[in-house]
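Chemist: Build me a structure from this.
(chains A and B)
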Amino acid sequence: MNTVVVVDYGSGNLHSACKALERAGNDAGSEVTVRLSSDPDEVLKADRVVLPGVGAFADCRRGLDAAPGLTEALTELVQEKGRPFFGICVGMQLLASRGLEYEITAGLDWISGDVAPIRPADPSLKIPHMGWNDLTQVRPHPLLDNLLNSGRSRDAYFVHSYALTAARPEDVVATTDYGGAITAFVARDNVAGSQFHPEKSQGFGLALLSNFIRWRP
Amino acid sequence: MLKVRIIPCLDVKDGRVVKGVKFVDLVDAGDPVEAARAYDAAGADELCFLDITASHEDRSTLLDVVQRTAEACFTPLTVGGGVRAVEDIRRLLLAGADKVSINTAAVNNRQFVREAAEKFGDQCIVVAIDAKRVSPDGAPPRWEIFTHGGRRETGIDAIDFAREVVSLGAGELLVTSMDRDGTRAGYDLPLMKAISSAVSAPVIASGGVGSLDDLVNGVTEGGVSAVLAASIFHFGTYTVSEAKAHMAAAGIPVRMV
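Modeler: Take a look at the predicted model:
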């Protein structure tokens, strides 16, 4: 049995993430139970965990902190038990050391770096960076290798005004171009995260989530 | 490179697609979920539902449609129509909408845009601007905001309004020309250009598409980030992939699936 807990901390559209994981589990031929929870005990029992997130970094951090014991449970599960973790959008940004949106907010600091506003050199580029953009793979990673080398569309759906700049270049797996390279996918050990929304990226996104469900880091 | 988005829009009334969708072998052409699923499979970059139900006392029908669509389509979904309060937005987002479009409520109370963006994030707040040209022919163009399907004038300058709502937190603008809507004469390109060059947020062009060249012109002349169309897709005049192939041939970056 493969239990995926989607962390519910009051952040937006979790329905899509759950449904996409269920579909991806089917596609992967794996019996998957997807649970939405903010209960630390439930989190500690998970085989793998997904941290979604939309909106502002500081709001999402406050949401995590508002559930007693949740951050500690995530840290234990991921850092000590080594369970696979996937962060989506602000859920990925929360992996950073700090968020610089409105105020300086501490992140989980699992991927060293800062989250700061996107400032494209070309003023005609709109903010938010919203829509489908293609990925450039910077280094191999089991969650992306079979997707980006298959000849299929490399476009994923982005919607964000802030981006993560990793302190260690080796943590960046893929970038996208929007007036310069923007971090699109990070990974370190059993932790991975995407700035784009796999649950909104049609076949590409479902295939990525299937890879996550099968991932044994 | 960021792709230009093609967004089919479905008008939904009492949980049914208005006029139906005739482009594929749908078992039930009036079911918005089935139509959305067909567009998703056809490579639409986003989907849009506009709820035109007269009474907004019972929103449960729409919420059910949104929820079933979000279960079947893993593509971004914008829902608009009758959004008046923070609670309306919360319910739509929880049902599975990714973005919510606000129209009259933003005209009546700009602070609603700020409140909504602060609560849910800029990225999910779309302001729908219905504009009509009010300057006489030959004079420098000027557009004003109209509400109630273009029947009620407000005297508000469309460009000023666009700037204001973006500064208050609108993450995207859906600009419809009430002069062109339903005419198939093409987008109002000067209007699109005036708004897209006035704001930092992405603009979706709407109203008047009759041909695939209209989509191209919206991007090359109107400067918009996304093109919305209804009837050319619903009536089977063109498929989404024909539209993309045509835009690609004109040098516009689109997502091919």
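Chemist: Regarding chain B, what is its longest helix?
Modeler: As assigned by DSSP state H, the longest helix anywhere in chain B is helix B:60-72.
Chemist: how about the strands of the chain, start to end?
Modeler: This is for chain A. A:2-7, A:32-37, A:48-51, A:85-88, A:98-99, A:105-106, A:113-117, A:129-137, A:155-160, A:162-166, A:172-177, A:181-188, A:191-194 (DSSP state E).
Chemist: try again with chain B
Modeler: For chain B, applying DSSP E gives strands covering B:5-13, B:16-17, B:47-51, B:77-80, B:99-102, B:125-133, B:143-147, B:152-157, B:172-177, B:203-206, B:226-229.
Chemist: Chain B contacts on chain A?
Modeler: Counting by C-beta under 8 Å from any C-beta of the partner chain, the residues of chain A lying close to chain B are A:12-13, A:15-16, A:19-20, A:23, A:54-56, A:59, A:126-134, A:153, A:155, A:157-161, A:177-178, A:197, A:199-203, A:205-206. Every residue, glycine included, has its C-beta placed from N, CA and C.
Chemist: if I pick residue B:229, what's in contact with it?
Modeler: Residue B:229 makes contacts with B:6, B:7, B:8, B:9, B:206, B:209, B:215, B:243, as judged by C-beta atoms under 8 Å, 6 or more residues apart in numbering or on different chains.
Chemist: quick revisit: which one of the strands of chain B is the most hemmed in?
Modeler: Among these, ranked by average contacts under mean count of other C-beta atoms under 10 Å in any protein chain shown, first place goes to strand B:203-206 (a mean of 29).
Chemist: what about dumping the CA coordinates of it to CSV?
Modeler: C-alpha atoms of strand B:203-206 as CSV (Å, rounded to 0.1, in the frame of the first residue of the first chain):
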residue,chain,number,x,y,z
VAL,B,203,-4.5,40.4,-20.7
ILE,B,204,-6.9,37.9,-22.3
ALA,B,205,-8.7,39.2,-25.4
SER,B,206,-12.4,38.4,-25.8
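Chemist: contact partners of it?
Modeler: Contacts for strand B:203-206 (C-beta under 8 Å, 6+ apart): A:126, B:5, B:7, B:9, B:126, B:172-177, B:181, B:187, B:192, B:195-196, B:218, B:222-229.
Chemist: Low-confidence stretches in chain B?
Modeler: Scanning chain B with the threshold set as pLDDT under 70 gives B:19-27, B:54-58.
Chemist: By proximity to chain A, which residue of it wins?
Modeler: Here the residue of chain B nearest chain A is residue B:121; by C-beta to the nearest C-beta that distance is 3.4 Å.
Chemist: Tell me who's in contact with the closest residue to residue B:91 other than its chain neighbours.
Modeler: Closest residue to residue B:91 apart from its sequence neighbours, by C-beta to C-beta, 6 or more residues apart in numbering or on different chains: residue B:63 at 6.0 Å. Residue B:63 makes contacts with B:91, B:92, B:95, as judged by C-beta under 8 Å, 6+ apart.
Chemist: Minimum distance to chain B, which residue of chain A gives it?
Modeler: For chain A, C-beta to the nearest C-beta, closest residue to chain B: residue A:55, 3.4 Å.
Chemist: shouldn't that residue be in contact with residue B:118?
Modeler: No - here residue A:55 does not reach residue B:118: they are 9.3 Å apart, not a contact under C-beta atoms under 8 Å.
Chemist: Looking at those two, which one has more neighbours?
Modeler: residue A:55 (22 against 16; other C-beta atoms under 10 Å in any protein chain shown).
Chemist: Dihedrals phi and psi, that one?
Modeler: Note on residue A:55: backbone dihedrals following degrees, to the nearest 10 are phi 100, psi -150.
Chemist: May I have the residues that are in contact with the residue nearest to it when sequence neighbours are not counted?
Modeler: Leaving aside its sequence neighbours, residue A:55 sits nearest to residue B:121 (C-beta to C-beta, 6+ apart; 3.4 Å). Residues in contact with residue B:121 (C-beta under 8 Å, 6+ apart) are A:12, A:54, A:55, A:56, A:59, B:171.
Chemist: from memory the second one sits against residue B:125, does it?
Modeler: No - at 11.5 Å, residue A:54 does not count as touching residue B:125 under the criterion of C-beta under 8 Å.
Chemist: Quick check: mean pLDDT of stretch A:130-150?
Modeler: Stretch A:130-150 shows a mean pLDDT of 93.
Chemist: distance between that stretch and the chain's centre?
Modeler: Offset of stretch A:130-150 from its chain centre (C-alpha atoms, centre = their mean, to the nearest Å): 14 Å.
Chemist: buried residues in stretch B:227-246?
Modeler: Within stretch B:227-246, the residues scored as buried using 16 or more other C-beta atoms under 10 Å in any protein chain shown are B:227-230, B:232-234, B:237-240, B:243-244, B:246.
Chemist: Point out the ones among those that are inside helices.
Modeler: Those of these lying in helices (DSSP H): B:232, B:233, B:234, B:240, B:243, B:244, B:246.
Chemist: Adding distance to residue B:14, write the residues you listed out as a markdown table.
Modeler: Shown next, in a markdown table, are these (distance: C-beta to C-beta, whole Å):
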| residue | distance to residue B:14 |
| --- | --- |
| B:232 | 25 |
| B:233 | 22 |
| B:234 | 18 |
| B:240 | 26 |
| B:243 | 29 |
| B:244 | 32 |
| B:246 | 35 |
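Chemist: average pLDDT across stretch A:88-100?
Modeler: According to the model, stretch A:88-100 has a mean pLDDT of 96.
Chemist: again, but for stretch A:183-193
Modeler: Average pLDDT, stretch A:183-193: 98.
Chemist: Distance from the chain centre to that stretch, please.
Modeler: That offset, for stretch A:183-193, works out to 8 Å (C-alpha atoms, centre = their mean).
Chemist: ditto for stretch B:31-40
Modeler: 16 Å.
Chemist: Any part of that stretch near chain A?
Modeler: Yes - against chain A, stretch B:31-40 shows contacts by C-beta under 8 Å from any C-beta at residue B:40.
Chemist: So which residues make contact with that stretch?
Modeler: A:202, B:8, B:10, B:12, B:15-17, B:21, B:23-24, B:26-29, B:47, B:49, B:65, B:68-69, B:72-75, B:77, B:233, B:240.
Chemist: Tally up the residues packed near residue A:177, please.
Modeler: Neighbour tally, residue A:177, other C-beta under 10 Å: 14.
Chemist: list the contacts for it?
Modeler: A:133, A:134, A:136, B:1 are the contacts of residue A:177 under C-beta under 8 Å, 6+ apart.
Chemist: Show me what the helix or strand of chain A at the bottom of the mean pLDDT ranking is packed against.
Modeler: Taking mean pLDDT, DSSP states H and E as the measure, chain A has helix A:145-148 as its least confident helix or strand, at a mean of 88. Using 3 or more C-beta pairs under 8 Å, 6 or more residues apart in numbering or on different chains; DSSP states H and E as the contact test, the elements touching helix A:145-148 are strand A:129-137, helix A:202-214.
Chemist: residues from the stretch 151-257 of chain B in reach of chain A?
Modeler: Proximity of the stretch 151-257 of chain B to chain A, by C-beta under 8 Å from any C-beta, involves residues B:171, B:172, B:200, B:201, B:202, B:203, B:225, B:226, B:255, B:256, B:257.
Chemist: Right, I'll leave it there.
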